[in-house]
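Colleague: got a predicted model here, sequence first, then my questions.
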Amino acid sequence: MNNVSAKDSVVIIGAGQAGLQVADSLRSEGFAGPITLLNGEAILPYQRPPLSKDYLGIDSPATALPLRGPDFFTTQDITLHPGAAAAVDTQARRVTLTDGSALDYTHLVFATGAANRQLPCPGADLPAVHALRTLFDAERLQAALATARKVVVIGAGFIGLEFAAAARARGVEVTVLEYAPRPMGRALSATASDWFAARHRSDGIDLRLNEGVTAIHTEGAGLSVESTAGSHYPADLVLYGVGVNARTELAEAAGLATDNGILVDSSLRTAVDGVLAIGDCASFPQAGTGARIRLESVQNATDHGRHAARSIMGQNTDYAQTPWFWSTQGRIRLQIAGISDPSDEPVVLGDPANGKFSIALLRDGVLAAVESINSPADHVAARKLVAASVALPMEVLSAPGFSLKNFAKTVLAVPA
Ligand SMILES: NC(=O)c1ccc[n+]([C@@H]2O[C@H](COP(=O)([O-])OP(=O)(O)OC[C@H]3O[C@@H](n4cnc5c(N)ncnc54)[C@H](O)[C@@H]3O)[C@@H](O)[C@H]2O)c1
């Protein structure tokens, strides 16, 4: 269905960044029919990025930052429903909620997000073992951190390292166990990943690579984390961040195709008429390559939300936004533009020793991605350059005084 009619209604399952954005954008695109946003809980949808960063400082209580104020829902005439979807009938175009009530739709958007992977070892359910996803988790974690002396973090991904840096800044002893050979290996080039490993170690974090966890035991009043290397690490608090899985179970039960995410086309529509999927739960074709990707980021969620609103309004354009990400680990601000590949050629810009530099990643002579460390001006330029797929010859990149900002000004200048 590509033409919106005055009688159409939209139901959005999930009120995270993606779900809220599609509701918001539908109104700004002129959609006049009923919009119901299923929140699954009774509190206003809130921002998650601060949960693993700002909320873990000594003087920063975990106070929810709403994604939109309460007035937004009234002024935009959007129903924020506390209910959760239990089943979808795509033939009848009906969503049944867990309380047995039902909502009919013309357009349905899955914005169901992702769920934390569980730690697959004995002892993972002990009370001092924490995961981090919700505001409630952050509140529990902050309270536990207030008295913790020794912390073990399992997983050197974004959650694990953001938490490890925050705990270390509070003077806590921190050990990180990562079963892969590099931290943040899923998202970062080897050059950036190695720099982060060295930096966290020099800040006093005991980062153990190629070492997973086999069991967590109680020992006296605390815990002991047994590793795959046979070591035992004492802890009074364990935090694990071992990745997420897309929440696809509802879509699968409704007969939608999934494969590491709900499969959508370049306009974010599934193969079922009137049904779209966006954000962390959606597997979509990457612009340019057509390869399927699934991204877990605020930028992807909000840009998908805007695009899905346009698709519902009948516009048939391909989603082609350049991905970008950020992470704050103690005093290190990491910003990434584009998606790197292990085969990309890295070129370091600036001086890693002073903690401010970028890594340009070249693929067939084109700037494919840039990782910036405490270099926001590089990141701003990089987003434009990566979006434009500019050719960047090595002799230009390695010339003395080269700057991404100046290069962007030169190559992206619009003629008068
Ligand atoms: N800056 C950001 O973009 C940011 C920051 C925080 C959280 N998040 C969100 O939170 C999600 C979850 O973050 P995350 O850090 O859990 O995932 P992640 O995928 O970034 O990292 C998980 C890490 O855990 C390791 N691991 C997995 N199983 C393990 C095991 N049994 N023992 C030891 N190590 C193991 C993996 O090798 C990986 O390095 C992200 O996908 C993202 O959506 C994003």
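Modeller: The structure has been received and is ready for your questions. Numbers count the residues shown, from 1 in each chain.
Colleague: so which strand or helix has the residue of the stretch 301-416 of the chain found nearest the ligand?
Modeller: When scored by Cβ to the nearest ligand atom, the stretch 301-416 of the chain has Ser327 as its residue closest to the ligand, at 3.5 Å. (C-beta placed from N, C-alpha, C; glycine too.) Using DSSP states H and E, Ser327 maps to strand 324-329.
Colleague: mean confidence for that strand?
Modeller: Average pLDDT, strand 324-329: 96.
Colleague: so which elements touch it?
Modeller: Strand 324-329 sits against helix 158-169, strand 332-338, with contacts defined as 3 or more Cβ pairs under 8 Å, 6 or more residues apart in numbering; DSSP states H and E.
Colleague: single out the most deeply packed of these.
Modeller: Counting by mean count of other Cβ atoms under 10 Å, helix 158-169 has the highest mean neighbour count of the helices and strands packed on strand 324-329, with a mean of 25.
Colleague: if you count contacts, what does it end up packed against?
Modeller: Using 3+ Cβ pairs under 8 Å, 6+ apart, the elements in contact with helix 158-169 are helix 135-145, strand 150-154, strand 173-177, helix 190-202, strand 237-240, strand 324-329.
Colleague: quick one: the second one near the ligand?
Modeller: Right, strand 150-154. Yes - judged by Cβ under 6 Å from any ligand atom, strand 150-154 comes into contact with the ligand at Ile154.
Colleague: distance from that strand to the middle of the chain?
Modeller: Relative to its chain's centre, strand 150-154 lies at 22 Å (Cα atoms, centre = their mean, to the nearest Å).
Colleague: what residues does that strand touch?
Modeller: For strand 150-154, contacts defined as Cβ atoms under 8 Å, 6 or more residues apart in numbering pick out 119, 145, 160-161, 163-164, 167, 172-177, 212-213, 222-223, 225, 233-242.
Colleague: and these, which are buried?
Modeller: 119, 145, 160-161, 163-164, 167, 172-177, 212-213, 222-223, 225, 233, 235-242 (16 or more other Cβ atoms under 10 Å).
Colleague: and the ligand, which of the residues you listed reach it?
Modeller: Okay, of the buried ones among the contacts of strand 150-154 touching the ligand (Cβ under 6 Å from any ligand atom), that's 160, 177, 212-213, 241-242.
Colleague: check those residues and tell me the two furthest apart.
Modeller: For these, with distances taken as Cβ to Cβ, the pair at the greatest spread is Gly212 and Gly241 (13.5 Å).
Colleague: what residue in the stretch 51-200 of the chain comes nearest to the ligand?
Modeller: Gly157 (1.7 Å).
Colleague: wait, that residue touches Val244, no?
Modeller: No - here Gly157 lies out of contact with Val244, judged by Cβ atoms under 8 Å, at a distance of 9.4 Å.
Colleague: and these two? which has more neighbours close in?
Modeller: Gly157 (21 against 16; other Cβ atoms under 10 Å).
Colleague: got the contact list for the nearest residue to Ala42 once chain neighbours are set aside?
Modeller: Nearest in space to Ala42, with sequence neighbours left out and distances taken as Cβ to Cβ, 6 or more residues apart in numbering, is Pro82 at 4.6 Å. The contact partners of Pro82, by Cβ under 8 Å, 6+ apart, come to 39-42.
Colleague: can you tell me which residues in the chain are near the ligand?
Modeller: Counting by Cβ under 6 Å from any ligand atom, the chain sits next to the ligand at 52, 154-160, 162, 177-180, 185-186, 212-213, 241-244, 296-297, 325-327.
Colleague: low-confidence stretches in the stretch 1-150 of the chain?
Modeller: Scanning the stretch 1-150 of the chain for pLDDT under 70 picks out 1-3, 58-62.
Colleague: again with the stretch 251-400 of the chain
Modeller: Those would be none, if you go by pLDDT under 70 across the stretch 251-400 of the chain.
Colleague: quick one, helices of it?
Modeller: Assigned by DSSP state H, counting those that start in this stretch, the helices in the stretch 251-400 of the chain fall at 298-312, 376-387, 394-397.
Colleague: Ala18 against Asp303, yeah?
Modeller: No - under the criterion of Cβ under 8 Å, Ala18 makes no contact with Asp303, lying 9.2 Å away.
Colleague: so between those two, which is more surrounded?
Modeller: More crowded of Ala18 and Asp303, by other Cβ under 10 Å: Ala18, with 30 against 22.
Colleague: and that one, how far is that from the ligand?
Modeller: 12 Å (Cβ to the nearest ligand atom, to the nearest Å).
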